[in-house]
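A.B. asks: The following comprises the amino acid sequence and a computationally predicted model.
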Amino acid sequence: MTVSKAFWKITAKNIGTIITYSIILIMFGSMNMSGNSTTVEYEAVRPNIVVFNHDEERGITKKFLDYLGENADIAEGYEDDDELKDALFYEQVSVVVDIPENYSQDLTFGRKPELRLRSSAGYVAEVSKAMIRRFVTTAESYAALSLSENVIVEKLDNALKTDVKVEVRGAVDASRYAKATRYFSFANYSILACVITIICLIMTSFNRQTIKKRNLVGGIDIRKMNRILLRNSCIYSALVWLLYVVVGFIVIGAESLLNMHGLLYVSNAFVFCIFATTLAYFISSFVTNTGAVNGIMNVVALGSSFLCGAFVPAEYLPEGVLAFAHVLPSYYYIDANNKIMLLENDNFDAIWPVLLNILIVLCSSVVVVIITNIISKKRQKIA
Amino acid sequence: MFWHNYKYAFKTLLKNRALVFWTLAFPFILAILFNLAFARLHDYDVFEAIDVAVVNDAEYEKATVFSEAIKSVSEGDKRVFNTQYIDAMKASELLEDNEIVGYIYIEKDVPHVKVNGNGSSETVLQMTVEQIAQSSKMIEDIAMTDIYRRAGQTVNIEEIYRNAVKIVAETEPNIKDDSHVMNVVSIEFYTLIAMACMQGAMLSVEMMNRCMPNISNRGKRVAVAPTRKSTMILSNILAGYTMLLAAVVALILFTRYILGIEYGSDMRLIILLAAVGSLTATTMGMLLSVALKTNESAKNVIVLIVTMVGCLFAGMFGGQKGLFDAAMPLINKISPVGMITDGYYSLLYYGDSARFTMDVVSLLIVAGVFFALSIRSLRRQRYDSI
């Protein structure tokens, strides 16, 4: 009872840590959660484009503006050039188009007027530029035939109409689970931070020389005390998991989690909590200074989150980093979340790759427990 | 006495491992992690040929113009597609395994594209197939227009078609690209520098606590020591500031010369901003220490919260600075993290501009306000009991 009391007293003292990491999870884990649509219809990317038109809104220029309006979102309100430069830098605007004076007329007479563009760095900007090039190439091709402006506009209308049919394969849209995947992958950081910080603080407090000596001569058997500490640590980790599942239901929405996908997400997170608990025990087996706990936790939690794709999607990570990440259990936890997002069937064959990842995390926990025991035994002998 | 105390304050700071970790080691660790995680983020934006498949059946072979065009966009260094010619079953399998972005097939003379979902690569695939289909249509249209125009004359159909193909294939759009493309990932490192500056407030919290009789035993000794209080406080604060500035400058040099992050060309201005940012953090630490009658760790938590929330708004961890700016235009203008980040951004993007000057002046004003408030609280402080 005394040991449990001390455990929860230290936990309560550090409740701020749990709140802080939960807020971080809600703030960052719910960011960029635009994709949660259930549509299975194909939709092309619609870039944001700013147009400065110095020509009259008629003829080919009007057709060009209509074409841009159909294929992109025309952003307005950018009068200040610095504001526009910022928007280009932050990729809020993909392309800025400057249509010169008499553009339509000059194009009709085959003078090939110059169209000026400024673009951002993103891939979407390349799509936007290809879209603009398509229109201008088509218009200039017809202008080479010395046709009248009206005929060119008519032909442009016809040429730009597309017969290509685009279909989306399957009935499940992966973007439906993008929100949940982002949230549970980011939870890698929060789970590690909350579990390691609190358990390490408690263990280092109990392992402090003076306290340890007092406990050794105290009434409670040291093995019993360790069992109580382990039981309470497991309860604490389970509570952290429960907290993040409840927060997940609120942030993501129950409809994405009350199904097989949701069950896999929360099971994966539960197994990862087990791993975090074993890791916390491993760290506290050699850390004796409470002041060092925060530093070590941040290096472990931030390091694994950055290297395994919790903050930046794994496909953006360099190959060398990804190859190294394969030795970290966080990689398999995050990879399992990505695999859950792409699941189309509920049968065992489809789920097996996810289960395999969960199994790897579970096995890692066993390995960490074995190593911790070896270290503890050695330390006991030295003591 | 000032320099004597300064020297010992500096030495004791260096021996405080937790502070050294948070102000010196932690930003370096983050810089390395940022570099590893974001290294490919910018490259990813650069266009690369996308993996597609073509269903090579009788219908596809019949559409000779279309198949020739697909072949041409799948060849050479500037190719758009990495194309595999396979049967429908295999194409479907590859798409299911996410090994291709999509596959193309012809049905009743109409090109079809099958993809896994919506995205930039899928849009590129769709646009390219559309453009190919459009080119075939245009060749036909241009040739027919020419034939119609020459009604009554003897025409060489083959030559007209050759001419139409030439027009469509060789027309180069007159577009001038004035883009000044920069690496958006640099903003992550600017927020990191800002974070390193602002976390340095912990140093001045620690140094001020040493002089506060109601916070520490050392403060009680300082209060009764026959030394001017201002000398003790200023020398302590200056020691903290020196250590912080050295750490921030080291971080800038590390990110610039080892990690290759761009900051603009004028090193003096880069250091000036670091110095002013560190000064703001130091005065913020002073104010927190004086204004809050609580323990050191609670003050440090406040420093961390102010810093990390500021970093989030300024664009750290892939944060959407633009979105925050649109929703709350003032937030990055009053937050020291926002000002420091904006200062480095404007130094790189605009050079020595009015915007950079504005950021530096704003930081100095904030530092001045923090300092004045701290001094006001410290002056004539007397304790009935401690």
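C.D. replies: That came in fine, so what should we check first?
A.B. asks: Is the residue in the stretch 51-200 of chain B positioned nearest to chain A in a helix, a strand, or coil?
C.D. replies: The stretch 51-200 of chain B approaches chain A most closely through B:P173 (3.8 Å), counting by CB to the nearest CB. Heads up, the C-betas are built off the backbone N, CA and C, glycines and all. Look at B:P173: counting by DSSP: H, G, I helix; E, B strand; the rest coil, its state is coil.
A.B. asks: Am I right that it is in contact with A:E140?
C.D. replies: Yes. Between B:P173 and A:E140 there is a contact under CB atoms under 8 Å: 6.0 Å.
A.B. asks: still on that earlier bit, so which helix or strand takes in the nearest residue to the residue of the stretch 51-200 of chain B closest to chain A once chain neighbours are set aside?
C.D. replies: Taking CB to CB, 6 or more residues apart in numbering or on different chains, and ignoring the residues beside it in sequence, B:P173 has A:V136 as its nearest neighbour in space, at 3.8 Å. Per DSSP states H and E: A:V136 is located in helix A:123-143.
A.B. asks: Likewise for A:I202?
C.D. replies: Using DSSP H and E, A:I202 falls within helix A:178-207.
A.B. asks: Counting by contacts, list what that helix packs against.
C.D. replies: Applying 3 or more CB pairs under 8 Å, 6 or more residues apart in numbering or on different chains; DSSP states H and E, one finds that helix A:178-207 contacts helix A:2-13, helix A:15-29, helix A:209-216, helix A:222-252, helix A:260-284, helix A:290-308, helix A:329-341.
A.B. asks: quick one, which of these is packed in tightest?
C.D. replies: Mean neighbours per residue, mean count of other CB atoms under 10 Å in any protein chain shown, is largest over the helices and strands packed on helix A:178-207 for helix A:329-341, with a mean of 25.
A.B. asks: okay, that helix in PDB with CA atoms only?
C.D. replies: C-alpha atoms of helix A:329-341 as PDB (Å, rounded to 0.1, in the frame of the first residue of the first chain):
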ATOM      1  CA  PRO A 329      10.300  -0.900 -32.700                       C
ATOM      2  CA  SER A 330       8.800   2.600 -33.300                       C
ATOM      3  CA  TYR A 331       9.200   1.900 -37.100                       C
ATOM      4  CA  TYR A 332       7.100  -1.200 -36.900                       C
ATOM      5  CA  TYR A 333       4.500   0.600 -34.800                       C
ATOM      6  CA  ILE A 334       4.200   3.400 -37.300                       C
ATOM      7  CA  ASP A 335       4.400   1.100 -40.300                       C
ATOM      8  CA  ALA A 336       1.500  -0.900 -38.800                       C
ATOM      9  CA  ASN A 337      -0.600   2.200 -38.700                       C
ATOM     10  CA  ASN A 338       0.200   3.000 -42.300                       C
ATOM     11  CA  LYS A 339      -0.700  -0.600 -43.200                       C
ATOM     12  CA  ILE A 340      -4.000  -0.400 -41.300                       C
ATOM     13  CA  MET A 341      -4.900   2.700 -43.300                       C
END
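A.B. asks: Now do it: which elements does it pack against?
C.D. replies: On the basis of 3+ CB pairs under 8 Å, 6+ apart, helix A:329-341 makes packing contacts with helix A:178-207, helix A:260-284, helix A:290-308, helix A:348-382.
A.B. asks: Tell me, what's the model's pLDDT at residue 333?
C.D. replies: No chain specified, so I'll use chain A. At A:Y333, the pLDDT value in this model is 96.
A.B. asks: ah, no, chain B please
C.D. replies: 84.
A.B. asks: mind listing what's buried in the helix holding A:I202?
C.D. replies: Buried residues in helix A:178-207, counting neighbours by 16 or more other CB atoms under 10 Å in any protein chain shown, are found at A:178-204, A:206-207.
A.B. asks: On the three-state scheme, A:R116 is what?
C.D. replies: strand.
A.B. asks: Quick check, central residue of chain A?
C.D. replies: A:R182 (4.2 Å; CA atoms, centre = their mean).
A.B. asks: hang on, it packs against A:G29?
C.D. replies: Yes. Contact status for A:R182 versus A:G29: in contact at 6.3 Å, counting by CB under 8 Å.
A.B. asks: Pick out the residue in the stretch 201-350 of chain B sitting closest to chain A.
C.D. replies: Counting by CB to the nearest CB, the stretch 201-350 of chain B gets nearest chain A through B:G322, at 4.0 Å.
A.B. asks: quick one: low-confidence ranges for the chain?
C.D. replies: With no chain named, the answer covers chain A. Scanning chain A for pLDDT under 70 picks out A:31-42, A:163, A:170-175, A:380-383.
A.B. asks: could you do chain B instead?
C.D. replies: Looking at chain B by pLDDT under 70, you get B:40-47, B:317-320, B:380-381, B:385-386.
A.B. asks: max-length helix in it?
C.D. replies: Counting residues, the longest helix found in chain B (DSSP state H) is helix B:120-149.
A.B. asks: Can you list the helices and strands that that one packs against?
C.D. replies: Helix B:120-149 packs on helix A:123-143, helix A:149-160, strand B:50-55, helix B:64-73, strand B:102-107, strand B:110-115, helix B:157-170, going by 3+ CB pairs under 8 Å, 6+ apart.
A.B. asks: now these in CSV, with distance to B:G240?
C.D. replies: Shown next, in CSV, are the helices and strands packed on helix B:120-149 (distance: least, CB to CB, whole Å):
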stretch, distance to B:G240
helix A:123-143, 45
helix A:149-160, 65
strand B:50-55, 54
helix B:64-73, 61
strand B:102-107, 59
strand B:110-115, 57
helix B:157-170, 68
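A.B. asks: Identify whichever of those lies nearest to A:V366.
C.D. replies: For the helices and strands packed on helix B:120-149, the distance to A:V366 is smallest for strand B:50-55, at 39.0 Å, taking CB to CB.
A.B. asks: then the closest one to PDB, C-alphas only?
C.D. replies: This file holds the C-alpha atoms of strand B:50-55, laid out as PDB (Å, rounded to 0.1, in the frame of the first residue of the first chain):
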ATOM      1  CA  ILE B  50       6.200   8.300 -62.200                       C
ATOM      2  CA  ASP B  51       5.700   4.500 -62.400                       C
ATOM      3  CA  VAL B  52       2.800   3.500 -64.600                       C
ATOM      4  CA  ALA B  53       1.700   0.500 -66.500                       C
ATOM      5  CA  VAL B  54       0.000   0.200 -69.900                       C
ATOM      6  CA  VAL B  55      -2.400  -2.600 -70.800                       C
END
